[in-house]
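Engineer: The sequence and its predicted three-dimensional model are supplied below.
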Amino acid sequence: MLTPPHWSSPVLRSCLPVTETAEHVQISTEAIESVASWMAYETFVFPRNLSLAPYDVDRDPDKAIDLMMLVACLNFAFTDFETGETFIVQRDGEQLVDTDGMSACLHEALERGEPLLDGAHWTTITEGYLDTIFEGSITMPLNAERAQILNDVGRRLVERYDGHFHTFIRDCEPAMYADGQGMLERLVREFPRFDDVSTYRGQEVQLHKLAQLALWSLRGAELIELRDLDRMTAFADYIVPVALRVMGILTYSPELEATITERGIVARDSDEEIEIRASTLVATAQLTDAINRRRPDDRQVIIPQIDYRLWKTYHATFWPHHLTPTTMY
């Protein structure tokens, strides 16, 4: 049987050594097979990115790209690290949680005329400005860091890409990996904001959550082509590990379990944090393989579809997730 293309991803290749020696997180192959035995028969979607709905940004593909990349830059840390409360906005009787709530706030700001798609404007953004944009159940955590990210990214866009992400995207090869010219390769190289890597026992671990999610969103909205989409991994965040934990696919050491349950902090770049994220990526790849073995050739799925299935079911759950102060997810 041929090895699925995702196992050639530099991200997965760098994560495998972590899972082989992990002390705090374990992957259950038995649970993977058990979950695949029923999940394989579900319908998997190729979702359009919800950051475009219900607004059409004039149905201009360049504006849509700029908006999605703005969301990608800001798509992290929606839970208060002290109280455990999540950022929620209420719209038309509906609760919009974390990313969905942030996207709603951005759309409303655009409708008010805020120039949020212009990199030159990003260079002037402050923490206080973002506090006025993101009004919800709590003050959005890490808005000072969000402002600094937009300042830095905006300067790069102004210097090299006419102030707009769509210029950058259209300058890349239509692939994630293309001898250094692929969208993922260039995004993490030219914009340090997206260079999501950690070091585990002397070895670099590539995780690239936001960079991959940005490209998946753009592809889902049919704004770009990616000829190697089947090499994309899951997106190592807070929520997918919860889904895998609830399903018994991931198990934690008693100490790590207690830290998460008691809403303690799991430090950025600690062994525990890296093991959670790397194990999430490897386990979702293994789950994808197990699901595809049970599906006919014309109904094969790719890892991001499995990720979305897990994220959409659990992203508003009350089950505790690990808390790591970071701008990477």
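Structural biologist: Sure thing, it's come through. Residues are numbered from 1 along each chain as shown.

Engineer: for the protein, what spans make up the strands?
Structural biologist: According to DSSP state E, the chain carries its strands in the segments 25-27, 88-91, 94-97, 197-200, 203-206, 250-252.

Engineer: Please produce JSON lines containing those strands, extended by mean pLDDT and distance to Phe76.
Structural biologist: (Glycine included, C-beta is placed from N, CA and C.) Shown next, in JSON lines, are the strands of the chain (pLDDT from 0 to 100; distance: least, C-beta to C-beta, whole Å):
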{"stretch": "strand 25-27", "mean pLDDT": "98", "distance to Phe76": "21"}
{"stretch": "strand 88-91", "mean pLDDT": "94", "distance to Phe76": "16"}
{"stretch": "strand 94-97", "mean pLDDT": "91", "distance to Phe76": "14"}
{"stretch": "strand 197-200", "mean pLDDT": "98", "distance to Phe76": "15"}
{"stretch": "strand 203-206", "mean pLDDT": "98", "distance to Phe76": "17"}
{"stretch": "strand 250-252", "mean pLDDT": "98", "distance to Phe76": "21"}
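
Engineer: and Pro5, which of those is closest to it?
Structural biologist: For these, distance to Pro5 was read as C-beta to C-beta. The smallest value, 16.5 Å, belongs to strand 203-206.

Engineer: so how far is that closest one off the chain centroid?
Structural biologist: Between the mean C-alpha location of strand 203-206 and the chain-wide mean there is a distance of 18 Å, by C-alpha atoms, centre = their mean, to the nearest Å.

Engineer: tell me what it is packed against?
Structural biologist: helix 10-21, strand 197-200, helix 271-293 (3 or more C-beta pairs under 8 Å, 6 or more residues apart in numbering; DSSP states H and E).

Engineer: Direction included, what does that strand pair against?
Structural biologist: When pairing is defined by DSSP bridges, strand 203-206 lines up against strand 197-200 (antiparallel).

Engineer: which sections of the stretch 201-329 of the chain are below the confidence cut-off?
Structural biologist: Residues of the stretch 201-329 of the chain meeting the criterion pLDDT under 70: none.

Engineer: follow-up on the earlier one: which of the helices and strands packed on strand 203-206 has the highest mean neighbour count?
Structural biologist: Ranked by average neighbour count under the criterion mean count of other C-beta atoms under 10 Å, the helices and strands packed on strand 203-206 are headed by helix 271-293 at a mean of 24.

Engineer: Using CSV, write out every CA atom in that helix.
Structural biologist: Once side chains and other backbone atoms are set aside, the C-alpha atoms of helix 271-293 remain, and they are given as CSV (Å, rounded to 0.1, in the frame of the first residue of the first chain):
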residue,chain,number,x,y,z
ASP,A,271,7.9,19.4,26.7
GLU,A,272,4.2,19.1,27.7
GLU,A,273,3.0,21.7,25.2
ILE,A,274,5.1,20.4,22.3
GLU,A,275,4.0,16.9,23.0
ILE,A,276,0.3,17.9,23.0
ARG,A,277,0.7,19.7,19.7
ALA,A,278,2.9,17.2,17.9
SER,A,279,0.8,14.3,19.1
THR,A,280,-2.3,16.0,17.8
LEU,A,281,-0.8,16.3,14.4
VAL,A,282,0.4,12.7,14.3
ALA,A,283,-2.8,11.3,15.7
THR,A,284,-5.0,13.1,13.2
ALA,A,285,-2.9,11.8,10.4
GLN,A,286,-3.2,8.2,11.8
LEU,A,287,-6.9,8.7,12.2
THR,A,288,-7.2,9.9,8.6
ASP,A,289,-5.4,6.8,7.4
ALA,A,290,-7.6,4.5,9.4
ILE,A,291,-10.8,6.3,8.1
ASN,A,292,-9.5,6.1,4.5
ARG,A,293,-8.9,2.4,4.8
